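Participant: Here is a sequence together with a model predicted from it:
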Amino acid sequence: MEYTQLGRSGLRISRLVLGTMNFGVHTEEAEAHRILDTALDLGVNLVDTADLYGWPEHPGRTETVIGAWLAQGGGRRERTVLATKVYSNTGDGPNEGGLSALHIRRAVEASLRRLRTDHIDLYQMHHVDRSVRWEEIWQAMEVLVAQGKITYVGSSNFAGWHLAAAQESARARGLLGPVSEQSVYNLLERTVELEVAPAARHYGVGLLPWSPLHSGLLGGVLRQERSGVRRTVARAAAALATRREQIQEYEDFAAELGHEPGHVALAWLLAQPAVTAPVVGPRTVDHLHSAVAALDVRLEPKALDRLDEIFPGHRPAPEAYAW
């Protein structure tokens, strides 16, 4: 396993992040625990979850599954960089969501109980909250750091200017500020190249792309369809309908390279200068092994250029659309 620093922090994380959205929903607890153990054995040390995961029926269920795994001991907590998120509504009350100081305080306590730990290593704002001033958010986070309940703060689904606002307001308080940003980023969805990725690089924020295979569309979906082993999920069906020829061209190129399409998609992300580590969300141990195998794939400059031809990206703003 390769390791790198998370943004400008001193925290060292694996080049792949274990995403857990499937745990307790599409993946039963016993299999989830096997995936977690296998991830540690393979050197994957950052485990990412959220207080919302398990929705819509059981928000918080995924944290509970991870908490039961950590409670088994054997050095599991010590070897794990544990990340979760706050923002989403997890109840019916008026203060059961967002980034108010009250909700942050209540949410972190609930996550700690479900995770069965006394601290969270990376506490991520799951979305920007435009109704709350940064002074209030950082005051709440500062208290949690002082109490030892969280160590680092990160963000998810922020725009580039949100990263700038968060960092500058933290700097004014003498705080480290966000050290990571989770954004959707893959060969099919490259919008972050306009402003998020440049802002992350400027401020030393580690970029953790989620949905690196775009709901499976970059994992050999057409080949799997022909063999009858996969049905495209609803949220990806529309994209497949409009970009089928492009995806076919991609799968053909992966075959020319002699690699699995999913491995090429992950290797491409790992070659991007702003990217720290993609978030992979395996449903089985085999899926995890396949993702880790992508670390052995090195794409030559010509291959990267060809992928840019198939899936054109963006230059940074404003050059992307203005002189």
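Facilitator: Looks like it came in fine.

Participant: now the helices for the stretch 101-250 of the chain?
Facilitator: Applying DSSP state H, counting those that start in this stretch to the stretch 101-250 of the chain gives helices spanning 101-115, 134-146, 160-172, 196-203, 221-227, 234-257.

Participant: Tell me which of the ones you listed sits most buried.
Facilitator: Most buried of those by mean neighbour count (mean count of other Cβ atoms under 10 Å) is helix 196-203; its value is a mean of 21. Every C-beta, even on glycine, is put in place using the N, C-alpha and C of the backbone.

Participant: same for that helix, what does it pack against?
Facilitator: Contacts defined by 3 or more Cβ pairs under 8 Å, 6 or more residues apart in numbering; DSSP states H and E place helix 196-203 against helix 160-172, strand 178-184, strand 206-210.

Participant: okay, stretch 44-54 in CSV with CA atoms only?
Facilitator: This file holds the C-alpha atoms of stretch 44-54, laid out as CSV (Å, rounded to 0.1, in the frame of the first residue of the first chain):
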residue,chain,number,x,y,z
VAL,A,44,-6.2,0.7,3.7
ASN,A,45,-6.3,2.8,6.8
LEU,A,46,-8.9,5.6,6.2
VAL,A,47,-12.5,4.4,6.7
ASP,A,48,-15.1,6.9,5.7
THR,A,49,-18.7,6.9,6.7
ALA,A,50,-21.5,9.4,7.6
ASP,A,51,-24.2,9.8,10.2
LEU,A,52,-26.8,9.6,7.4
TYR,A,53,-25.7,6.3,5.9
GLY,A,54,-28.3,3.6,6.4
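
Participant: Residue numbering should commence at 35 henceforth.
Facilitator: I'll keep to 35 as the first residue from here, and by that count the last item is stretch 78-88.

Participant: Check whether Thr118 sits in a helix, strand or coil.
Facilitator: Judged by DSSP: H, G, I helix; E, B strand; the rest coil, the three-state class of Thr118 is strand.

Participant: Same question for Ile47.
Facilitator: What three-state DSSP gives for Ile47 is strand.

Participant: what do you get for Asn129?
Facilitator: Per three-state DSSP, the secondary structure class of Asn129 is coil.

Participant: residues contacting it?
Facilitator: For Asn129, the contact set (Cβ atoms under 8 Å, 6 or more residues apart in numbering) comprises 136-137, 140.

Participant: got the contact list for Asn78?
Facilitator: Careful, residue 78 is Val and not Asn. Residues in contact with Val78 (Cβ under 8 Å, 6+ apart) are 35, 48, 50-52, 322, 326.

Participant: and it, that one's in a helix?
Facilitator: No: Val78 is assigned coil when assessed by three-state DSSP, not a helix.

Participant: For burial, what's the neighbour tally of the residue nearest to it when sequence neighbours are not counted?
Facilitator: In space, and not counting its chain neighbours, Val78 is closest to Ser48: 4.7 Å by Cβ to Cβ, 6 or more residues apart in numbering. Neighbour count of Ser48, defined by other Cβ atoms under 10 Å: 21.

Participant: Look up how far Thr124 lies from Ser48.
Facilitator: For Ser48, the distance to Thr124 equals 29 Å [Cβ to Cβ, to the nearest Å].

Participant: How far off centre is the worst-scoring helix or strand of the chain on mean pLDDT?
Facilitator: Lowest by mean pLDDT, DSSP states H and E among the helices and strands of the chain is helix 255-261, with a mean of 87. For helix 255-261, the separation from the chain centroid amounts to 26 Å (computed by Cα atoms, centre = their mean, to the nearest Å).

Participant: who does that helix touch, helix- and strand-wise?
Facilitator: Helix 255-261 sits against helix 268-291, with contacts defined as 3+ Cβ pairs under 8 Å, 6+ apart.

Participant: what about dumping the CA coordinates of the helix it packs on to PDB?
Facilitator: C-alpha atoms of helix 268-291 as PDB (Å, rounded to 0.1, in the frame of the first residue of the first chain):
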ATOM      1  CA  ALA A 268     -31.500   3.800 -12.000                       C
ATOM      2  CA  ARG A 269     -29.400   6.900 -11.300                       C
ATOM      3  CA  ALA A 270     -26.800   5.800 -13.900                       C
ATOM      4  CA  ALA A 271     -29.200   4.600 -16.600                       C
ATOM      5  CA  ALA A 272     -29.800   8.100 -18.000                       C
ATOM      6  CA  ALA A 273     -26.100   8.700 -18.300                       C
ATOM      7  CA  LEU A 274     -25.500   5.400 -20.000                       C
ATOM      8  CA  ALA A 275     -28.300   6.100 -22.500                       C
ATOM      9  CA  THR A 276     -26.700   9.300 -23.600                       C
ATOM     10  CA  ARG A 277     -23.000   8.300 -23.400                       C
ATOM     11  CA  ARG A 278     -23.100   4.700 -24.500                       C
ATOM     12  CA  GLU A 279     -20.700   5.300 -27.500                       C
ATOM     13  CA  GLN A 280     -18.300   7.200 -25.300                       C
ATOM     14  CA  ILE A 281     -18.300   4.400 -22.700                       C
ATOM     15  CA  GLN A 282     -17.800   1.800 -25.400                       C
ATOM     16  CA  GLU A 283     -14.800   3.600 -26.700                       C
ATOM     17  CA  TYR A 284     -13.400   3.700 -23.200                       C
ATOM     18  CA  GLU A 285     -13.900   0.000 -22.600                       C
ATOM     19  CA  ASP A 286     -12.300  -0.800 -25.900                       C
ATOM     20  CA  PHE A 287      -9.300   1.400 -24.900                       C
ATOM     21  CA  ALA A 288      -9.000  -0.300 -21.600                       C
ATOM     22  CA  ALA A 289      -8.900  -3.600 -23.400                       C
ATOM     23  CA  GLU A 290      -6.100  -2.300 -25.600                       C
ATOM     24  CA  LEU A 291      -4.100  -1.400 -22.500                       C
END
